[in-house]
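Asks: Need coordinates for the below:
(chains A, B, C and D)
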2 protein chains.
Amino acid sequence: MGITKTDRFTEQQNKLAILAKALGHPARIAIIEYLLKVDTCICGDIVNELPLAQPTVSQHLKELKNAGLIKGNFEGNSICYCINESGFEKIKGFFQNISNHLDKNKKQCC
Amino acid sequence: MGITKTDRFTEQQNKLAILAKALGHPARIAIIEYLLKVDTCICGDIVNELPLAQPTVSQHLKELKNAGLIKGNFEGNSICYCINESGFEKIKGFFQNISNHLDKNKKQCC
DNA sequence: ATTTAATATCGTAATATTGCAATATAAATA
DNA sequence: TATTTATATTGCAATATTACGATATTAAAT
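Replies: Presented below is the predicted three-dimensional model:
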C-alpha cells in the first residue's frame, strides 16, 4: 500500500527511521558534507553546489530541516543554513550502541 | 521524476545514502534492534517479532541484506540472520566524522 | 513420495518520492 | 515604487516504496 505502518512501531524506532530516511539520498548527504566542509553557516550558495535545479534543492533542504538535521534562519534576504547538532547526536547514539554491542559480543555465525 | 540522479553524485555519497535509506523504515530499525537484543544469529523468528506479514518482512530483510547491513545464511531449512559489522562500520565512520567536526568547530550561528 | 515448515517471489493496489517548470513571495536595492 | 535577488510553493509526470494475498521454492520430516 506504499504507506508505512508507523503506529505499529515504537516512537524511538520511528524517530530513528525518520532521521535515517532524511539521509537516504545522495543530494542530502552532499548538502551535509558541504555544510561540514565550509565549517560555518552558509548563506545561500548550496544551490550552486548541487547538480539539481533550485526547487529540487529547496525541497531537499526542507526535508533535512524537518528531520532536525539542519537549521536555517533568515539572514537579510538570504538564508543561513547549518548543521543541527542535536539531530546528529541522536543517530550517533544509535550507532554507538550498535558498535558497543558488536565489540562486546562476537557470537557471529554467518 | 521519482528517479534519483545517482550519476551526479560521488560513489561515496551514493553508498552512504544507500545505507541510510536502508535504515529509513521503522520495521528495518526494529529488525536491527532485535538482532542486537538477542545478541546472536537468529534462525527465523523475525517474522513473529514484527507486526507485518511474512512477505513484507522478507522484503525488508532483503533490503537490509542488499545494503550490507545484515547477513543471512541457510542453516538447515531455516535461515540464520545476523548483523553485518562492515556495513555499520561505514555509517559509523560518517557520523564519527561529523561528530569530530562539530566538536572542533563551534561557529554555529543559527 | 508426501507432507510440513520456512522463506522467497510475483502481482498488484495504495501511497510516497524525485525532479523541475512555472509561479509566488519577500527582502534589498535602485 | 519598480526591479532585482534569493528562496519557497504549486502542480504534475515519472518512478519507487510499502504491504500483502497467492503462489513458488526448498529442505527436512514422516
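Asks: Going by C-alpha atoms from here, please, whenever you check contacts or count neighbours.
Replies: Fine.
Asks: Looks like A:Ile32 contacts A:Ile83 (just checking).
Replies: Yes: judged on CA atoms under 8 Å, A:Ile32 makes contact with A:Ile83 at a distance of 7.2 Å.
Asks: So between these two, which is more surrounded?
Replies: Neighbour totals were compared for A:Ile32 and A:Ile83, and A:Ile83 leads with 28 against 19 (other CA atoms under 10 Å in any protein chain shown).
Asks: Could you give the bridge partners of the more buried one?
Replies: Beta-bridge pairing of A:Ile83 under DSSP bridges involves A:Ile70.
Asks: for it, what are its contacts?
Replies: Applying CA atoms under 8 Å, 6 or more residues apart in numbering or on different chains, one finds that A:Ile83 lies in contact with A:32, A:35-36, A:41, A:69-71.
Asks: touching DNA strand D at all, the helix or strand of chain A with the lowest mean pLDDT?
Replies: Counting by mean pLDDT, DSSP states H and E, chain A has its least confident helix or strand at strand A:42-43, which shows a mean of 79. Yes: judged by CA under 7 Å from any atom of the strand, strand A:42-43 comes into contact with DNA strand D through A:Cys43.
Asks: what angle separates the biggest helix by length in chain A from helix B:85-104?
Replies: Counting residues, the longest helix found in chain A (DSSP state H) is helix A:85-104. Orientation check (axes from the mean of the first three to the mean of the last three CA atoms, to 10 degrees): helix A:85-104 against helix B:85-104 gives 140 degrees.
Asks: Counting by contacts, list what helix A:85-104 packs against.
Replies: Other helices and strands packing on helix A:85-104, by 3 or more CA pairs under 8 Å, 6 or more residues apart in numbering or on different chains; DSSP states H and E, are helix A:11-22, helix B:85-104.
Asks: Mean neighbour count and distance to A:Ile79 for the ones you listed - can I get that in TSV?
Replies: Formatted as TSV, those follow (neighbours: other CA atoms under 10 Å in any protein chain shown; distance: least, CA to CA, whole Å):
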stretch	mean neighbour count	distance to A:Ile79
helix A:11-22	20	20
helix B:85-104	15	21
